[in-house]
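> Starting from these lines, generate the structure:
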Amino acid sequence: MKFLFVNFLKFILFPFRNLISLISKEFLEKDLFNKGLILSKRNTQKLKKINDLSDVEFSVFSQWGDDGIIDWLNFNLKFKHKKFVEIGVEDYWECNTRFLLKKDNWSGLALDMSKNSIDKIKSQSVYWKNNLTAKTVFITANNVNEILKKYNFSKNVSLISLDIDGNDFWVIEKLRINADLIICEFNGIFGDIYEITVPYKKDFVRSKEHYSNLYYGCSIKSLISLLLKKKILFYRYKLSWKQCLFFKSKKL
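Numbering: from 1, shown residues only. Sure thing, here's the model as predicted:
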């Protein structure tokens, strides 16, 4: 009898599975966000001086400790422009800018190649409650500046986060935004000694290029050299994170 009842519920609720999933995530988000506010208050009140940015790491929506680092930097460096661009956001539940958007009321542009992911963002309360623009775009080195200009994010942007698992190096090379903070992913398989990047291919899709899914992006060394030419300073990275932080400011 219990088996029949469970299967009956599954049959009834199946058409509403996406809505149920969204509602459960929205309730979970409130709890996560409130915990993030507590951690943020601890960091900004008690940690005026730190030995390393790892002292202020915490994760609310970010994959690693970026939420805490971005929050602490924003509080202490007083970023002038409350605008961000995040490229490669998927459905925006795991990203580097959601906590910043909600807590400090920044304006943001979220870009992803998947229409399904962007549709999911637009179904979330974070989309209509905040000043967030979400667009389906396949970003290349040739169109990145044009896209940012089209959506009014080509100037006065303080944070750029890039994670496209492909032409990352070439896109950053062409970027004309002079942001205060840049977060970008690198490919740890390429090591940290040589400047290595995949050759530019405008329709690069990681899953289609090699069955291993390990052929994408660039080495940390190549990013350091590239951004140094743009007078943007490398600060740190963690191999476990596979991403690095760069600052325009010399205050650190």
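
> Going by C-alpha atoms from here, please, whenever you check contacts or count neighbours.
Fine.

> does residue 171 belong to a helix or a strand, and which?
helix 168-174 (DSSP states H and E).

> ugh, wrong one, I meant residue 37
helix 17-46.

> so residue 226 makes contact with residue 173?
Yes. Counting by CA atoms under 8 Å, residue 226 touches residue 173, with 6.9 Å between them.

> Which residue is the nearest non-sequential neighbour of residue 189?
residue 214 (7.4 Å; CA to CA, 6 or more residues apart in numbering).

> My error: substitute residue 95 in the last question.
Of all residues not flanking residue 95 in the chain, residue 62 sits nearest, at 4.7 Å (CA to CA, 6+ apart).

> Check residue 75 too.
Nearest to residue 75 is residue 44, by CA to CA, 6+ apart, at 7.1 Å.

> My guess is the one you found contacts residue 73. True?
No. Residue 44 sits out of contact with residue 73 when judged by CA under 8 Å, with a separation of 9.5 Å.

> picking up where we left off before, I'd like the next helix or strand past the helix holding residue 37.
Downstream of helix 17-46, the next assigned helix or strand under DSSP H and E is helix 66-77.

> close enough to count as contact, residue 121 and residue 91?
Yes. Using CA under 8 Å as the test, residue 121 is close enough to residue 91 to be in contact (5.5 Å).

> Identify the residues contacting the helix holding residue 171?
Applying CA atoms under 8 Å, 6 or more residues apart in numbering, the external contacts of helix 168-174 come out as 139-142, 144-145, 162, 184-185, 197, 200, 217-218, 222-223, 226-227.

> I'd like to know which of the residues you listed are buried.
139-141, 144-145, 162, 184-185, 197, 200, 217-218, 222-223, 226-227 (16 or more other CA atoms under 10 Å).

> Okay, now the unreliable bits of the stretch 1-150 of the chain?
1-25, 27 (pLDDT under 70).

> do that again at 90, thanks
Scanning the stretch 1-150 of the chain for pLDDT under 90 picks out the ranges 1-31, 44-55, 63-65, 76-78, 80.

> mind checking how far residue 69 is from residue 110?
Distance from residue 69 to residue 110, counting by CA to CA, to the nearest Å: 20 Å.

> Those two: who's more crowded?
Between residue 69 and residue 110, counted using other CA atoms under 10 Å, the more crowded position is residue 110 (25 against 20).

> I'd assumed residue 218 was in contact with residue 197.
Yes. Between residue 197 and residue 218 there is a contact under CA under 8 Å: 4.0 Å.

> partner strands of the next helix or strand after the helix holding residue 171, parallel or antiparallel?
Later in the chain than helix 168-174, the nearest helix or strand by DSSP H and E is strand 181-185. Next to strand 181-185 in the sheet, as set by DSSP bridges, lie strand 159-162 (parallel), strand 243-247 (antiparallel).
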